[in-house]
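> Output the structure for:
(2 chains)
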There are 2 protein chains.
Amino acid sequence: MHNPDHSQDVTAGEVLAPYLHARAADFLRGLRLHTESGSDTAGAEEAARTLRGAARRIGGTLHTFRPLLDTAWADQLRTELAWLSGTLALEQACTSRLIRLVDALSRLSNGSGPVPAARGSEGAGLTVGAARAGALLERQLTLARTRAHSASLQALGSARFHAVADAVALLASEVPLGPAGAAPATEVIDAPADLAERRLLDAVAALPLTRAAHPYNADALALAAGEAQDAPWHQTRLLLRLHRYATEALHTGGEPDSVLYEAARALDRHRDAAEAASAAATAARTPRIAPATAYALGVLHADQRHEVEAARFAFQRAWRRTTAPVP
Amino acid sequence: MHNPDHSQDVTAGEVLAPYLHARAADFLRGLRLHTESGSDTAGAEEAARTLRGAARRIGGTLHTFRPLLDTAWADQLRTELAWLSGTLALEQACTSRLIRLVDALSRLSNGSGPVPAARGSEGAGLTVGAARAGALLERQLTLARTRAHSASLQALGSARFHAVADAVALLASEVPLGPAGAAPATEVIDAPADLAERRLLDAVAALPLTRAAHPYNADALALAAGEAQDAPWHQTRLLLRLHRYATEALHTGGEPDSVLYEAARALDRHRDAAEAASAAATAARTPRIAPATAYALGVLHADQRHEVEAARFAFQRAWRRTTAPVP
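Numbering: from 1, shown residues only, chains lettered A, B, ... in the order given. Here you go, the predicted structure:
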């Protein structure tokens, strides 16, 4: 990953600093948005999104380029940023999961076929349960979202958050480097970025991509193995994100790689569908639900696992088009 | 569909007769197998399969080449053969539906993923219901199969069947032709076969093949529209069968078209999966079932609709490779 812009007299720290400064400024902008949002829900969501995006990028950069940084400082800040972005992500996750499940129920029970008026008896049976299943999911996920919202507000008012904000405010003007940070960028900056890329390539190489390229393989529908078989894809999603952030950090002026972005989106969709399937399965274990409700949740669970499989198919297709990473 | 073997002095009747004679002989062989099978289940199945295959081919040929035949005779025999093959098909359909559903439940609940030992909590919940759903389906489909078996035996012992058998026995030596049957084959035999092909091509042209070629389009999962959206595919299956039989009749010495056979198999699978999905939906409407059972049946229903979609994908792929029918 050679960057032609690094001339011999530019240090690694000087390459990384602008990116970290900019992301720290994003973070502080998110913080300001949060303070100003008050009871404005859209504003609060925008603030949380900005804070999370900046926290993830700073954390990712601290992780990948750790050898060039003050490692004790980097490790500590990274842990705190992971806590923050994880806490802030929950509310949005509950919202989008609910939307995904309600949309799927609507598609499943209302039909999008060419003759929706002529309903089959199968569909009629499902429609009854789908309404109840939708209400049950809405109740459960709204409760979870309310809890996540409280947890976010609590986190953003905590001393722990203020310490993170102070550390990021410092980062906006100065990056604590290690000894290697002062070395010429051309000598030391490629190795950490290459390692991030290598980890991604290894993870992708271990995925069953040939199988995923065969449509309707029904792999993701082996529900009992579901969670275990999903793990390597989730891990790849995190490694792809780290690779993308490392690329961003080193090519600050360049265009984002759209194919890599498409691959990342497929893995996001994979994660979302897997979690939505889990939420449907969890709802089905609610005591004393009607059989029709359980039936609709079963249909929904399988439908979302079908989406998991579709996301794997989309990922392998996007990945085969990537030109940037070559093993 | 020009057949180079028809020299000018061969009549249409002389082209069709060997095919009809041979299928009638098949029918009589199936009848002998049935008489000899006694309590031998495998023998009785083989007999029923032979009788059905011959009945379908004779009926299809009488339908397609009706203009060349004694039409009153052809219409009457065709009706009786349709009754017979329909009656004989039910038992086998129940058996294969049960096998399909039990296999799917096993795949869904036991997992075929790389780490089946590490079961997710989703799978554990499903396993409980899957066993009960399997037992329920087995009860319902075994009952249906027993009824179908009785109906088959009753049909094969009826005066109505003996009349069919007598008509087919005559067909083994003589084909009742109409006036056009005595005309030179080159002049009259292509039009009926071309019409069968044209009907097939028109039906396929009306199918949403472009959509089906896009994997994971989730069309077949619009459950409310399920039965209505399946109908044109089922109709195409019947027209493809008629076209294949017409081809068989006119190219008695030739190889069967393997791509067309593959397309036909995909439509068989489409029909089987659609009917299995219906059976799962029907079972889910059984009064007083446990929610876990209903849940597993919902998963199974969606899984079989996923199979319906996969079969459409397979059909369009096979169809695009067909070279024989050109519009």
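> does the residue nearest in space to the middle of chain A sit in a helix or strand, and which one?
Nearest residue to the geometric centre of chain A (C-alpha atoms, centre = their mean): residue A:268, 5.5 Å. Taking DSSP states H and E as the definition, residue A:268 sits inside helix A:258-284.
> where in chain A is pLDDT low?
A:1-8, A:111-125, A:225-226, A:252-256, A:323-327 (pLDDT under 70).
> Measure how buried the residue lying closest to residue A:156 once chain neighbours are set aside is and give me the count.
Distances taken as C-beta to C-beta, 6 or more residues apart in numbering or on different chains put residue A:34 closest to residue A:156, at 6.2 Å, once the chain neighbours are dropped. To be clear about C-beta, it is placed using only N, CA and C from the backbone, and glycine gets the same treatment. By the criterion of other C-beta atoms under 10 Å in any protein chain shown, residue A:34 has 20 neighbours.
> In which helix or strand does residue A:34 reside?
helix A:12-37.
> same deal with residue A:105?
helix A:71-110.
> For whatever helix or strand comes next after that helix, buried residues please.
Next in sequence after helix A:71-110, counting helices and strands by DSSP H and E, comes helix A:121-156. For helix A:121-156, the neighbour count (16 or more other C-beta atoms under 10 Å in any protein chain shown) marks A:122-123, A:125-127, A:129-130, A:132-134, A:136-137, A:140-141, A:144-145, A:148-149, A:152, A:155-156 as buried.
> and the following helix or strand past helix A:121-156, how far from the chain's centre?
Downstream of helix A:121-156, the next assigned helix or strand under DSSP H and E is helix A:159-171. Taking C-alpha atoms, centre = their mean, to the nearest Å, one finds helix A:159-171 lying 23 Å from the centre of the chain it belongs to.
> Export helix A:159-171 to CSV, keeping only CA atoms.
The C-alpha coordinates for helix A:159-171 follow below in CSV (Å, rounded to 0.1, in the frame of the first residue of the first chain):
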residue,chain,number,x,y,z
ALA,A,159,-17.7,11.6,34.0
ARG,A,160,-16.3,8.7,31.9
PHE,A,161,-17.7,10.4,28.8
HIS,A,162,-16.3,13.8,29.7
ALA,A,163,-12.8,12.2,30.1
VAL,A,164,-13.2,10.8,26.6
ALA,A,165,-14.3,14.1,25.2
ASP,A,166,-11.3,15.8,26.9
ALA,A,167,-8.9,13.3,25.4
VAL,A,168,-10.4,13.7,21.9
ALA,A,169,-10.2,17.5,22.3
LEU,A,170,-6.5,17.2,22.9
LEU,A,171,-6.3,14.9,19.9
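> quick one on the thing from earlier: against which helices or strands is the helix or strand that the helix holding residue A:34 is followed by packed?
Where DSSP H and E defines the elements, the next helix or strand beyond helix A:12-37 is helix A:41-64. With contacts taken as 3 or more C-beta pairs under 8 Å, 6 or more residues apart in numbering or on different chains; DSSP states H and E, helix A:41-64 sits against helix A:12-37, helix A:71-110, helix A:159-171, helix A:190-205, helix A:226-250.
> Let's see that with 10 Å instead.
Helix A:41-64 is packed against helix A:12-37, helix A:71-110, helix A:121-156, helix A:159-171, helix A:190-205, helix A:226-250, with contacts defined by 3 or more C-beta pairs under 10 Å, 6 or more residues apart in numbering or on different chains; DSSP states H and E.
> just checking, which of those sits deepest inside the structure?
Among those, helix A:226-250 has the highest mean neighbour count (mean count of other C-beta atoms under 10 Å in any protein chain shown), at a mean of 20.
> and the angle from that one to helix B:71-110?
On the basis of axes from the mean of the first three to the mean of the last three C-alpha atoms, to 10 degrees, helix A:226-250 is oriented at 70 degrees to helix B:71-110.
> Helix A:226-250 versus helix B:121-156: what angle between them?
Relative orientation of helix A:226-250 versus helix B:121-156 (the same axes, to 10 degrees): 130 degrees.
> got the contact list for the nearest residue to residue A:27 once chain neighbours are set aside?
Closest residue to residue A:27 apart from its sequence neighbours, by C-beta to C-beta, 6+ apart: residue A:54 at 3.8 Å. For residue A:54, the contact set (C-beta atoms under 10 Å, 6 or more residues apart in numbering or on different chains) comprises A:22-31, A:81, A:84-85, A:168.
> okay, among these, which ones form the most distant pair?
Maximum pairwise distance in the contacts of residue A:54, criterion C-beta to C-beta, is 18.5 Å, between A:22 and A:84.
> sorry, back to before: quick check, nearest of the contacts of residue A:54 to residue A:75?
residue A:81 (11.0 Å).
> one step back: redo the helices and strands packed on helix A:41-64 as JSON lines? Include distance to residue B:12.
Shown next, in JSON lines, are those (distance: least, C-beta to C-beta, whole Å):
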{"stretch": "helix A:12-37", "distance to residue B:12": "82"}
{"stretch": "helix A:71-110", "distance to residue B:12": "52"}
{"stretch": "helix A:121-156", "distance to residue B:12": "46"}
{"stretch": "helix A:159-171", "distance to residue B:12": "89"}
{"stretch": "helix A:190-205", "distance to residue B:12": "63"}
{"stretch": "helix A:226-250", "distance to residue B:12": "60"}
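> Nearest to residue B:194 among those helices would be which one?
Closest approach to residue B:194 among the helices and strands packed on helix A:41-64 (C-beta to C-beta): helix A:121-156, 38.0 Å.
> Centre of the chain to that closest one, how far?
Distance, stretch centre to chain centre, for helix A:121-156: 21 Å (C-alpha atoms, centre = their mean).
> swap in stretch A:9-25?
24 Å.
> Likewise for stretch A:227-241?
Distance of stretch A:227-241 from the chain centroid (C-alpha atoms, centre = their mean) equals 11 Å.
> One more: stretch A:200-209?
18 Å.
> Keeping just the C-alphas, turn that stretch into CSV.
The C-alpha coordinates for stretch A:200-209 follow below in CSV (Å, rounded to 0.1, in the frame of the first residue of the first chain):
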residue,chain,number,x,y,z
LEU,A,200,-8.8,-8.9,6.2
LEU,A,201,-7.6,-11.0,3.2
ASP,A,202,-7.0,-14.0,5.5
ALA,A,203,-10.4,-13.7,7.0
VAL,A,204,-12.0,-13.5,3.6
ALA,A,205,-10.0,-16.4,2.3
ALA,A,206,-11.4,-18.5,5.2
LEU,A,207,-15.0,-17.7,4.2
PRO,A,208,-17.0,-20.2,2.2
LEU,A,209,-17.2,-17.8,-0.8
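> ok now do residue A:262, which residues does it touch?
A:314-315, A:317-319, A:321-322.
> So which of those residues reach chain B?
With C-beta under 10 Å from any C-beta of the partner chain as the criterion, those include A:314, A:317 near chain B.
> Nearest to chain B among the contacts of residue A:262?
Of all the contacts of residue A:262, the one with the least separation from chain B (C-beta to the nearest C-beta) is residue A:314, at 8.1 Å.
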